[in-house]
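1. coordinates only, no sequence provided:
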Ligand code: PEP
Ligand code: MN
């Protein structure tokens, strides 16, 4: 349930309410606000009554959270939460610009599917920055369908990404595949990506909940919206409040695209959660010529950010070349999206 505290409630009163909730068996998650402080009390609502809690000093009102996901719910925070892409910061070469996602500016996170070598990632970082991207994304650990396909450069790839951040100031987003790798990836990355195949890897979600670094959680390719938000809840309930969502297409019977890009999931998620919602039209379609139209459509329907695969020579990319834009195509798309963003009162 949501415990709304009185305006101007003192810290001691907040702590008293937290203690009281703990004694009743709740886990309190306090959200300090300028106007109001609220406590999300996670637990069995049947152990107490609304009337009882409303009589505790400092409490103004108590409301149930009806959704099964509590901390992710828009009932708890009735607006989109702005999330910093970074901080307290990776240990290796931590010089990134502070980027926020979930505000008026649409965040474009771009880069190759995989870090292939030092030269290509530095070149791509400079190109996407020049075109207006706000962060660089590339995989050093790749979740591949076949064990014989390129699996990524692992820590060597992370080192190149850190160098790209140092050169460009762009924060780094990169995927983590296992709970054991979370500290290693967090050492280099500003934001950790959990991919579609791991959306319900609960041990990985819990490990991501224990760090203080934003997590970009992609929608599972067969996950319903509720399952997706419950996956986000695993991270939030562990104490990490920085979660970004990303619609990346779902598996359907359709064959003309790699995945069916669920555009309506963007406004649907925004109705249900305060977490920012990004769109990935590259994986969402799997087809290069559909990436720009779906990126524009995502901006038009209110996405808070985009993930776009960009490579110096997509034909030669080791992974996902068929859905990847070259530098020129990406720069043109960035320009084309400006007018669409302005039409929906956003900027890019
Ligand atoms: C990727 O971002 O390159 C990737 C593997 O994405 P997804 O998990 O959406 O397939
Ligand atoms: Mn990819």
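-> Sure, I can see it. For clarity, every value in this text was computed on a predicted model and none was experimentally measured. Residues are numbered from 1 along each chain as shown. Ligands and ions are numbered 1, 2, ... in the order given.

2. can you give me the domain assignment for the chain?
-> 2-63, 83-343 (automatic domain parsing).

3. how distant is the longest one from the center of its chain?
-> In terms of CA atoms, centre = their mean, to the nearest Å, the centre of domain 83-343 is set 8 Å apart from its chain centre.

4. return the most buried member of the domains of the chain.
-> Neighbour counts (mean count of other CB atoms under 10 Å) averaged over each of these peak at domain 83-343, with a mean of 20. C-beta: built from backbone N, CA, C; applies to glycine.

5. can you measure across that one, start residue to end residue?
-> Start-to-end span of domain 83-343 (CA to CA, to the nearest Å) is 24 Å.

6. does residue 28 count as helix, strand or coil?
-> Using DSSP: H, G, I helix; E, B strand; the rest coil, the structure places residue 28 in strand.

7. just put the domains of the chain in TSV and tack on distance to residue 69.
-> Formatted as TSV, these follow (distance: least, CB to CB, whole Å):
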stretch	distance to residue 69
domain 2-63	11
domain 83-343	4
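
8. for ligand 1, find the nearest of these.
-> Judged by CB to the nearest ligand atom, the one of the domains of the chain that comes nearest to ligand 1 is domain 83-343, at 2.8 Å.

9. still on that earlier bit, now the domains of the chain as TSV including distance to ligand 2 and mean pLDDT?
-> Below are these laid out as TSV (distance: least, CB to the ion, whole Å; pLDDT from 0 to 100):
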stretch	distance to ligand 2	mean pLDDT
domain 2-63	34	90
domain 83-343	3	96
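
10. mind giving me the packing neighbours of whichever strand or helix holds residue 121?
-> Take DSSP states H and E as the rule and residue 121 turns out to sit in helix 118-131. Under the contact criterion of 3 or more CB pairs under 8 Å, 6 or more residues apart in numbering; DSSP states H and E, helix 118-131 touches strand 107-111, strand 135-137, helix 155-168, helix 327-343.

11. among these, single out whichever gets nearest to residue 129.
-> Distance to residue 129, taken as CB to CB, is lowest for helix 155-168 among those, at 4.7 Å.

12. need the strands for this structure, in chain order.
-> Along the chain, counting by DSSP state E, strands occupy 2-5, 27-31, 38-42, 59-63, 83-84, 100-101, 107-111, 135-137, 172-175, 191-194, 215-218, 243-247, 277-279, 305-309.

13. any chance of JSON lines for these, columns distance to ligand 1?
-> Shown next, in JSON lines, are the strands of the chain (distance: least, CB to the nearest ligand atom, whole Å):
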{"stretch": "strand 2-5", "distance to ligand 1": "32"}
{"stretch": "strand 27-31", "distance to ligand 1": "28"}
{"stretch": "strand 38-42", "distance to ligand 1": "28"}
{"stretch": "strand 59-63", "distance to ligand 1": "35"}
{"stretch": "strand 83-84", "distance to ligand 1": "18"}
{"stretch": "strand 100-101", "distance to ligand 1": "16"}
{"stretch": "strand 107-111", "distance to ligand 1": "9"}
{"stretch": "strand 135-137", "distance to ligand 1": "7"}
{"stretch": "strand 172-175", "distance to ligand 1": "6"}
{"stretch": "strand 191-194", "distance to ligand 1": "6"}
{"stretch": "strand 215-218", "distance to ligand 1": "4"}
{"stretch": "strand 243-247", "distance to ligand 1": "7"}
{"stretch": "strand 277-279", "distance to ligand 1": "11"}
{"stretch": "strand 305-309", "distance to ligand 1": "7"}
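
14. any chance of those in TSV, plus distance to residue 288?
-> Shown next, in TSV, are these (distance: least, CB to CB, whole Å):
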stretch	distance to residue 288
strand 2-5	45
strand 27-31	42
strand 38-42	43
strand 59-63	47
strand 83-84	29
strand 100-101	25
strand 107-111	14
strand 135-137	17
strand 172-175	21
strand 191-194	21
strand 215-218	20
strand 243-247	19
strand 277-279	16
strand 305-309	9
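
15. so which of those is nearest residue 258?
-> When the strands of the chain are compared by CB to CB, strand 305-309 sits nearest residue 258, at 12.1 Å.

16. check which helices and strands the closest one sits against.
-> The helices and strands touching strand 305-309, judged by 3+ CB pairs under 8 Å, 6+ apart, are strand 107-111, strand 277-279, helix 281-285, helix 288-300.

17. list the neighbouring strands of that strand plus their orientation.
-> Strand 305-309 has the following sheet partners, assigned by DSSP bridges: strand 107-111 (parallel), strand 277-279 (parallel).

18. rewinding a little: can you give the contact residues for the helix holding residue 121?
-> With contact meaning CB atoms under 8 Å, 6 or more residues apart in numbering, helix 118-131 is reached by 110-112, 115, 136, 138, 157, 160-161, 163-165, 167-170, 310-312, 327, 330-331, 334.

19. picking up where we left off before, mind checking which of the helices and strands packed on helix 118-131 is nearest residue 283?
-> Closest among the helices and strands packed on helix 118-131, using CB to CB: strand 135-137, at 11.7 Å.
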